[in-house]
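**Q** here you go, sequence then predicted model.
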Amino acid sequence: MTDRERFLACILGQPVDRPPFYLFWGPWGSTWTRWRNEGMPAHLYGDWSALRRHFKTDVPPFNIPVNIGPCPRPPWKILSENDQEIVRIDDWGITRRDLKTTDSMPEWVAYPVKSRDDWQRIKREKFDPHHPDRLAGNWKQACAAAMDQGRALQFGYYPDSGIFGSVRWLLGDEECLVAFYEDPDMVHDIMNHMTTVWLTVLEEVVKHVRVDHFHFWEDMAGRAGPLISPAMFTEFMTPCYRRVIEACQRHHIPVRSVDTDGFPDLLLDPMIAAGINLLLPFEVAAGCDVNLYRKKYPHLGMLGGIDKRQLAKDPAAIDAELARIRPAILAGRYIPETDHLIPPDISWSNFEHYAHAHRKMIHALAGG
C-alpha cells in the first residue's frame, strides 16, 4: 500500500496491511542536543525527515503550504533580548517571552485582541479570506510532488486552523473563556470568520489538488478536562465544524481530525456528532487510555496514546508500554505514536530502542 492508502484505510476502518509507522512527534531542541552528545549520527542532527528515513518510517500526510492564518504573514518583531531570554511579537500578534537556556512553554505576555475594536481591525488587516498571498508560492507543485510520492494531503495545521484555537490565540486563555460569557457575539464572529477564511482557501485548493484530510488545532483541554462545556461546544463550535464537514463531504475529503491535549472526554460526543473522525494525541499523563477509547468509540480514528514518560526509563519499560497499547492496535483505526513531542529526558539509546521495537511490532502485523 502507498502511505496515503495505508493512512486512509487505517483511520477509516478499511482493510489495511498494517497501521502506519510514522514517529510522528519530533524532539525538542534540547533533545536534539542531548542525542548529538550521546552519539546520534551527525548527519541526522536537527533533521527530523532524515531521522525518519534512518528508522525507515512511513511518510505522514503532507501539509498543503497555503496561508490560512494571518495574511500577509508579518515577521516576528524582537522587543528585547539578552543572554537568558528573548521577548518577541509573533505573526499572530502575541507578545511572548522565550527562554534561551532551555526548552519550555513561552510566557504569554500579551494578546492582540482586548476589545471588539481590536478584533474588527485585525479581521480587516490580517484575515481577509481573499488576500492573494494566501495562495502564493509553489504549493501546487509541492502538492503534485507529494501525490507522486504516494502521500496523503492535509489542509490545516498548528496554530492556524483552530476554531476554539483561534479565539484562544487572539484573546489569551483566560480572556477567551471570559469572552464566552461577556461577549459571546464576538466569539461567534471570530469562529465564523476564521471558518470562512479556511473554506475560501480550501475552495481554491481543491480546484487543483486532491485533499485527503482536514485538520483542526484546538488544544482545548487540560488534565482536569475541557476548558468549555459540551453545551458551549455545541452552541459555539458545532455550526463551524458542520460548515467544514459539509465542504469536506462535497469535496470527498474523508478524514477530519482534532488535535487537543489534555483529557477531552466530555467533548468527544459532540465532536463526533459534528463529523470528526480522528483525534490526537491522547496524553496518558492526563488520563487517556487508547484501549478504553477504542472500546467506547469503535469508529473513531486515533493517533498517539504511547506514554512518552516510559521512553525515559529503560528498554523494559518501553517494551511494556508498547505491549500495553497492543489491544488498541489490533482493534484497528489506530496509529500508535507517542502522546506528544519527545522531551530531553529521553536518551538517544532509549529512543533507538523505541523506534526499532515500534517498527518491529508494526511490521509483524503485516507478517514481516
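**A** That came in fine, so what should we check first?
**Q** shaky segments in the stretch 251-368 of the chain?
**A** 367-368 (pLDDT under 70).
**Q** again, only this time at 50
**A** Applying pLDDT under 50 to the stretch 251-368 of the chain flags no residue at all.
**Q** just the helices in it please.
**A** Ranges of helices in the stretch 251-368 of the chain, per DSSP state H, counting those that start in this stretch, are 265-274, 290-296, 315-324, 326-331, 348-364.
**Q** where along the protein do the strands fall?
**A** In the chain, the segments counted as strands under DSSP state E are 62-63, 77-81, 85-89, 95-99, 107-110, 153-155, 213-217, 221-222, 225-226, 255-259, 278-280, 301-306, 334-338.
**Q** paired strands for the longest one, with orientation please.
**A** The one in question is strand 301-306. Strand 301-306 sits in its sheet next to strand 278-280 (parallel), strand 334-338 (parallel), going by DSSP bridges.
**Q** I figured residue 338 hits residue 27, correct?
**A** No - using Cβ atoms under 8 Å, residue 338 is not in contact with residue 27, being 10.4 Å away. Bear in mind the C-beta positions are built from the backbone N, C-alpha and C, glycine included.
**Q** who has more neighbours out of those two?
**A** Of the pair residue 338 and residue 27, residue 338 is the one with more neighbours under other Cβ atoms under 10 Å, namely 26 against 23.
**Q** where's the residue nearest to residue 86 when sequence neighbours are not counted relative to residue 305, distance?
**A** Distance criterion Cβ to Cβ, 6 or more residues apart in numbering; nearest residue to residue 86, sequence neighbours excluded, is residue 98 at 5.5 Å. Applying Cβ to Cβ, to the nearest Å, the value for residue 98 to residue 305 is 29 Å.
**Q** of these two, give the one with the bigger neighbour count.
**A** residue 305 (28 against 15).
**Q** I'd say that one and residue 285 touch.
**A** No - the pair residue 305 / residue 285 is not scored as a contact, 11.5 Å apart, by Cβ under 8 Å.
**Q** picking that back up, so which of the strands of the chain comes closest to residue 41?
**A** Of all the strands of the chain, strand 334-338 sits nearest to residue 41, with 21.2 Å by Cβ to Cβ.
**Q** follow-up on the earlier one: adding mean neighbour count, write the helices of the stretch 251-368 of the chain out as TSV.
**A** Shown next, in TSV, are those (neighbours: other Cβ atoms under 10 Å):
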stretch	mean neighbour count
helix 265-274	18
helix 290-296	16
helix 315-324	16
helix 326-331	16
helix 348-364	17
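**Q** in a markdown table: the ones you listed, plus distance to residue 81.
**A** As requested, these are exported to a markdown table (distance: least, Cβ to Cβ, whole Å):
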| stretch | distance to residue 81 |
| --- | --- |
| helix 265-274 | 39 |
| helix 290-296 | 42 |
| helix 315-324 | 39 |
| helix 326-331 | 46 |
| helix 348-364 | 31 |
